[in-house]
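Trainee: Predicted coordinates and the sequence they were generated for:
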Amino acid sequence: MSKKTTELREIAKIESERMREANPAQYFERNLHQLGFSDPEHALLQTIKEMTDNSLDATEVGSILPEIIIEVEETSEEITLPPQAGKVRKANMYRIRVEDNGIGIISNKIALSMGKVLFGSKLFTMKQMRGQQGVGISAVILYSQLTSLRPATIISKIEGEEKATRVVLKIDVDKNEPIVLEEQKIDWNKEHGTSVEVFIPARYTDKIDRYILELSIGNPHASFILRKKIEGKKSELAISRTTEKIPPPAKEIKPHLSSIDPGILQRMAEVDKDCKNLVSFLSKHFTSISPETAKKILKAARLSYSLPPNQIKADKVLEVARNIKLRRPKLEVLSNIGEEAIVAALKNRFKDAEFVAAVSRPPWTYQGIPFQVEVGVAIGGQEIANYANPKRITVIRLANKVPLPYDLSDCLLYKTVNEIDWKNYGLELNEKGVPVIPTVFVTSLVASKVPYTSPGKFAVASVEEIHDELVLALQELGRKIREYMYKKRKQESVVKRYEFFKGYYEVLAEEVGLITGGSKVNVNGILRKLFKEVKNTENVE
Ligand SMILES: Nc1ncnc2c1ncn2[C@@H]1O[C@H](COP(=O)(O)OP(=O)(O)OP(=O)(O)O)[C@@H](O)[C@H]1O
Ligand SMILES: [Mg+2]
């Protein structure tokens with residue numbers, strides 16, 4: 001054996017000895033940046049996002065009008081962070097607490113739902129919810145204990161319970177299990193709800209306020225109180241709901257046969273214990289498959305109807321299923337925001353906006369998954385001028401009613417707004433392609449499963465069907481903008497003409513008065529008749 005061969009064999013042996021299995025807590029502890037915990041500024045926003053996502057889900061399942069309190073308190077304790085580019089960095093420790101009036105958590109599930117990664121009620125469901133993965137809150141707690149060494153405190157109460165349960169916990173990363181440090185029953189002045197508190201090194205910026213404001217546009221039926229104590233100064237941002245109407249609850253759907261992967265179909269069939277044959281298996285587990293359709297598919301796949309499910313040939317079944325036109329799934333399973341609610345929320349947020357409009361498209365599907373697109377716009381006024389980014393088109397992106405704060409340029413919702421030539425719809429653009437008149441767009445996607453680009457849920461992936469629906473929605477919105485801009489320009493030109501003539505008429509009236517020796521002609525009266533369209537112009541009265 002050559003020296004090289006011996007060396008390579010030795011390296012292979014060492015590498016094999018190093019091989020270990022990792023559990024999800026160990027994986028995410030090392031990869032928290034993938035979930036948005038990359039630095040103190042992002043970590044603060046991500047913590048609030050994960051907590052408020054859960055709060056809104058917990059109210060939505062119970063058809064409860066959400067009341068959410070967010071506390072962000074900067075403590076005087078300083079933490080030294082790992083150096084970056086040779087520079088030592090410090091951040092203050094923050095106390096973050098989010099309290100909701102959701103359905104609450106049964107006491108024996110509090111520790112597991114918070115302190116075990118990939119554990120939750122939304123994991124295997126196909127239902128429009130903000131959470132999908134069972135990672136969010138445990139990632140917050142992982143980040144908190146990793147950086148501050150402090151445990152999380154959870155208080156939760158369900159309807160009818162006399163006392164709430166308070167749990168103080170950490171996560172045992174090597175076992176992916178919660179470590180309960182304290183657990184007791186306490187009095188809590190609330191019928192039902194949950195409060196989660198953590199300590200993390202953080203840095204406050206006004207992105208937090210923006211996030212909550214955007215969240216209120218996606219959830220106009222919710223009220224939010226953001227209580228801050230930053231640099232010793234207390235302040236509060238209170239946003240009341242703009243509608244009392246609770247959106248219809250989202251419904252769970254079964255998967256669509258044409259969109260499932262062969263491996264998943266094969267495994268589902270192998271573990272099925274309830275169905276006697278393939279016909280009942282297919283019609284029980286998939287949307288829009290009647291026993292007749294199942295028979296049609298099995299016949300074309302040359303499989304006997306009476307075979308037990310574990311005898312399925314997943315690749316053959318899918319080849320047929322993808323080639324025949326299967327019925328669409330039911331589309332009334334989504335919970336959208338609604339045109340009226342978007343308009344009301346935008347008017348509430350941008351109180352002096354000159355024009356506000358919204359468009360809701362009917363629901364549609366991608367890969368057998370129902371989705372619905374809605375868009376909105378607010379134009380003009382000082383509040384939008386303060387809010388909008390002068391360097392690019394400002395788009396509030398919402399996925400399942402939650403704002404997406406990062407990865408703008410990778411996001412289909414942003415890219416599609418930029419694809420539209422807004423000049424064609426009467427918006428004058430500057431050299432950067434940004435509307436000259438301050439403008440904010442809203443794009444909202446609700447879906448039984450949102451195609452995010454990453455586990456951090458920062459951006460929507462490019463899916464053709466969603467893109468096409470967005471284009472149609474934005475074009476319809478564009479037509480509303482064009483109509484408004486046309487009226488606005490007409491009005492402006494009338495006012496200009498009015499001002500122009502007014503100068504002449506005043507001189508003329510003076511002269512006529514002098515010549516005739518009579519009283520001055522009522523110029524304003526004449527002009528008002530001539531320029532009926534001119535309203536609210538101070539000179540007119
Ligand atoms: N405020 C809350 N009220 C009630 N239940 C909650 C609350 N927060 C978390 N839970 C429960 O804990 C589970 C785990 O939450 P977690 O945020 O980790 O995952 P998720 O919301 O299911 O998915 P995602 O990782 O996408 O956020 C949830 O599925 C839910 O059952
Ligand atoms: Mg969550």
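Mentor: Ah, there it is. Ligands and ions are numbered 1, 2, ... in the order given.

Trainee: Could you use CA atoms for every contact and neighbour count after this?
Mentor: Noted.

Trainee: ok, which stretches of the stretch 301-450 of the chain are strands?
Mentor: For the stretch 301-450 of the chain, applying DSSP state E, counting those that start in this stretch gives strands covering 355-360, 364-366, 369-379, 394-399, 402-403, 439-447.

Trainee: Which other helices and strands does the third one contact?
Mentor: This means strand 369-379. For strand 369-379, the elements it packs on are helix 339-349, strand 355-360, strand 364-366, strand 439-447, helix 464-516, judged by 3 or more C-alpha pairs under 8 Å, 6 or more residues apart in numbering; DSSP states H and E.

Trainee: Parallel or antiparallel, list what pairs with the shortest one.
Mentor: In other words, strand 364-366. Here strand 364-366 has these sheet partners by DSSP bridges: strand 369-379 (antiparallel).

Trainee: Distance-wise, check the closest residue to ligand 2 within the stretch 301-450 of the chain relative to ligand 1.
Mentor: In the stretch 301-450 of the chain, the residue that lies nearest ligand 2 is residue 402 (11.4 Å; C-alpha to the ion). The spacing between residue 402 and ligand 1, counted by C-alpha to the nearest ligand atom, to the nearest Å, is 11 Å.

Trainee: One more: residue 407?
Mentor: In this structure, residue 407 and ligand 1 are 17 Å apart, going by C-alpha to the nearest ligand atom.

Trainee: Now do the same contact list for the closest residue to ligand 2 within the stretch 151-300 of the chain.
Mentor: Residue of the stretch 151-300 of the chain nearest ligand 2, by C-alpha to the ion: residue 196 (12.2 Å). By C-alpha atoms under 8 Å, 6 or more residues apart in numbering, residue 196 lies in contact with 51, 97-99, 152-155.

Trainee: what about it, is that helix, strand or coil?
Mentor: Following DSSP: H, G, I helix; E, B strand; the rest coil, we place residue 196 in the strand state.

Trainee: Bridged to it, which residues?
Mentor: Applying DSSP bridges, one finds that residue 196 bridges with residue 98, residue 154.

Trainee: hang on, the earlier thing: can you redo the strands of the stretch 301-450 of the chain as JSON lines with distance to residue 86 and mean pLDDT?
Mentor: Below are the strands of the stretch 301-450 of the chain laid out as JSON lines (distance: least, C-alpha to C-alpha, whole Å; pLDDT from 0 to 100):
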{"stretch": "strand 355-360", "distance to residue 86": "49", "mean pLDDT": "98"}
{"stretch": "strand 364-366", "distance to residue 86": "48", "mean pLDDT": "90"}
{"stretch": "strand 369-379", "distance to residue 86": "45", "mean pLDDT": "96"}
{"stretch": "strand 394-399", "distance to residue 86": "35", "mean pLDDT": "97"}
{"stretch": "strand 402-403", "distance to residue 86": "34", "mean pLDDT": "96"}
{"stretch": "strand 439-447", "distance to residue 86": "40", "mean pLDDT": "98"}
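
Trainee: Any chance of JSON lines for these, columns mean neighbour count?
Mentor: Shown next, in JSON lines, are the strands of the stretch 301-450 of the chain (neighbours: other C-alpha atoms under 10 Å):
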{"stretch": "strand 355-360", "mean neighbour count": "22"}
{"stretch": "strand 364-366", "mean neighbour count": "18"}
{"stretch": "strand 369-379", "mean neighbour count": "25"}
{"stretch": "strand 394-399", "mean neighbour count": "24"}
{"stretch": "strand 402-403", "mean neighbour count": "26"}
{"stretch": "strand 439-447", "mean neighbour count": "24"}
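
Trainee: I'd like these written out as JSON lines, with distance to residue 118 added.
Mentor: Formatted as JSON lines, the strands of the stretch 301-450 of the chain follow (distance: least, C-alpha to C-alpha, whole Å):
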{"stretch": "strand 355-360", "distance to residue 118": "34"}
{"stretch": "strand 364-366", "distance to residue 118": "26"}
{"stretch": "strand 369-379", "distance to residue 118": "23"}
{"stretch": "strand 394-399", "distance to residue 118": "21"}
{"stretch": "strand 402-403", "distance to residue 118": "21"}
{"stretch": "strand 439-447", "distance to residue 118": "21"}
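
Trainee: Nearest to residue 257, out of these?
Mentor: Smallest distance to residue 257 across these (C-alpha to C-alpha): 10.6 Å, for strand 369-379.

Trainee: okay, now the closest residue to residue 350 other than its chain neighbours: neighbour count?
Mentor: Leaving aside its chain neighbours, residue 350 sits nearest to residue 383 (5.5 Å; criterion: C-alpha to C-alpha, 6 or more residues apart in numbering). Residue 383 has 15 neighbours, counted by other C-alpha atoms under 10 Å.

Trainee: hang on, isn't residue 383 packed against residue 348?
Mentor: No. Between residue 383 and residue 348 there is no contact under C-alpha atoms under 8 Å: 10.9 Å.

Trainee: which residues do these two both contact?
Mentor: By C-alpha under 8 Å, 6+ apart, no residue touches both residue 383 and residue 348.

Trainee: and stretch 267-283, C-alpha only, in PDB?
Mentor: Only the C-alpha atoms of stretch 267-283 are listed here, as PDB (Å, rounded to 0.1, in the frame of the first residue of the first chain):
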ATOM      1  CA  ARG A 267     -45.100   6.000   3.000                       C
ATOM      2  CA  MET A 268     -48.700   7.200   3.700                       C
ATOM      3  CA  ALA A 269     -50.000   4.000   2.100                       C
ATOM      4  CA  GLU A 270     -47.500   1.700   3.900                       C
ATOM      5  CA  VAL A 271     -48.500   3.000   7.400                       C
ATOM      6  CA  ASP A 272     -52.200   3.200   6.700                       C
ATOM      7  CA  LYS A 273     -54.100   0.900   9.100                       C
ATOM      8  CA  ASP A 274     -57.700   2.100   8.500                       C
ATOM      9  CA  CYS A 275     -58.400   1.500   4.800                       C
ATOM     10  CA  LYS A 276     -59.100  -2.000   3.400                       C
ATOM     11  CA  ASN A 277     -58.200  -1.200  -0.200                       C
ATOM     12  CA  LEU A 278     -56.600   1.400  -2.500                       C
ATOM     13  CA  VAL A 279     -60.000   2.900  -3.500                       C
ATOM     14  CA  SER A 280     -60.800   3.800   0.100                       C
ATOM     15  CA  PHE A 281     -57.200   4.900   0.800                       C
ATOM     16  CA  LEU A 282     -57.200   7.400  -2.100                       C
ATOM     17  CA  SER A 283     -60.600   8.800  -1.400                       C
END
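
Trainee: buried sites along that stretch?
Mentor: The neighbour-count check on stretch 267-283 (16 or more other C-alpha atoms under 10 Å) flags 268-269, 275, 277-283 as buried.

Trainee: Give me the contacts around that stretch.
Mentor: Contacts with stretch 267-283, where a contact means C-alpha under 8 Å, 6+ apart, come from 289-291, 294-295, 298, 305-312.

Trainee: and if you look at stretch 383-402?
Mentor: Applying C-alpha under 8 Å, 6+ apart, the set of residues contacting stretch 383-402 from outside is 53, 128-130, 214-215, 218-219, 337, 350-353, 378, 403-405, 413-414, 417-418, 432-435, 438-447, 450, 460.

Trainee: ditto for stretch 408-417
Mentor: Contacts for stretch 408-417 (C-alpha under 8 Å, 6+ apart): 395, 397, 443-444, 459-463, 467, 470-471, 474.

Trainee: what do you get if the cut-off is 10 Å, keeping everything else the same?
Mentor: Stretch 408-417 has contacts (C-alpha atoms under 10 Å, 6 or more residues apart in numbering) with 373, 375, 393-399, 404, 407, 418, 441-445, 452-453, 458-464, 466-468, 470-471, 474-475.
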